[in-house]
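>>> Return atomic coordinates for the entry below.
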Amino acid sequence: MKTQTTLLATLTEKEITTLTTQVIETLATNGCNKKNFTALDLWNIQKQKRNFSSRRSA
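Sure, this is the predicted structure:
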């Protein structure tokens, strides 16, 4: 026979309101400049990959 146990302790009304309050968050987007991915970025990634591969095999 299975017995039921409560996994959560009984909470007071104050604790319930503290846990269920909604927090409104906003992101600051005015200071972030979004940089576009360019061909130079791709070239640098490929260059780093080649350098890593050559060091790994040596």
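
>>> what about the spatially most central residue of the chain, is that helix, strand or coil?
Taking CA atoms, centre = their mean as the criterion, L27 is the residue nearest the geometric centre of the chain, at 14.3 Å. Of the three states, L27 takes coil under DSSP: H, G, I helix; E, B strand; the rest coil.

>>> Next, the contact list for it, please.
By CB atoms under 8 Å, 6 or more residues apart in numbering, L27 lies in contact with nothing. All C-beta spots, glycine's among them, are computed from the backbone N, C-alpha and C.

>>> longest helix of the chain?
Using DSSP state H, we find that the single longest helix of the chain is helix 39-57.

>>> how far out from the middle of the chain is that helix?
Centroid separation between helix 39-57 and its chain, computed with CA atoms, centre = their mean, to the nearest Å, is 27 Å.

>>> buried ones in that helix?
Under the neighbour-count criterion of 16 or more other CB atoms under 10 Å, helix 39-57 has nothing buried.

>>> CA atoms only: put that helix into PDB for me.
The C-alpha coordinates for helix 39-57 follow below in PDB (Å, rounded to 0.1, in the frame of the first residue of the first chain):
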ATOM      1  CA  ALA A  39      32.700  37.900 -44.500                       C
ATOM      2  CA  LEU A  40      35.800  39.000 -42.500                       C
ATOM      3  CA  ASP A  41      34.300  37.400 -39.400                       C
ATOM      4  CA  LEU A  42      33.800  34.100 -41.300                       C
ATOM      5  CA  TRP A  43      37.300  34.300 -42.600                       C
ATOM      6  CA  ASN A  44      38.700  34.800 -39.100                       C
ATOM      7  CA  ILE A  45      36.800  31.800 -37.800                       C
ATOM      8  CA  GLN A  46      38.100  29.600 -40.600                       C
ATOM      9  CA  LYS A  47      41.600  30.900 -40.000                       C
ATOM     10  CA  GLN A  48      41.400  30.100 -36.300                       C
ATOM     11  CA  LYS A  49      40.100  26.600 -37.100                       C
ATOM     12  CA  ARG A  50      43.000  25.900 -39.500                       C
ATOM     13  CA  ASN A  51      45.500  27.100 -36.900                       C
ATOM     14  CA  PHE A  52      44.000  24.900 -34.200                       C
ATOM     15  CA  SER A  53      43.900  21.900 -36.500                       C
ATOM     16  CA  SER A  54      47.600  22.300 -37.500                       C
ATOM     17  CA  ARG A  55      48.700  22.600 -33.900                       C
ATOM     18  CA  ARG A  56      46.600  19.600 -32.900                       C
ATOM     19  CA  SER A  57      48.100  17.300 -35.500                       C
END
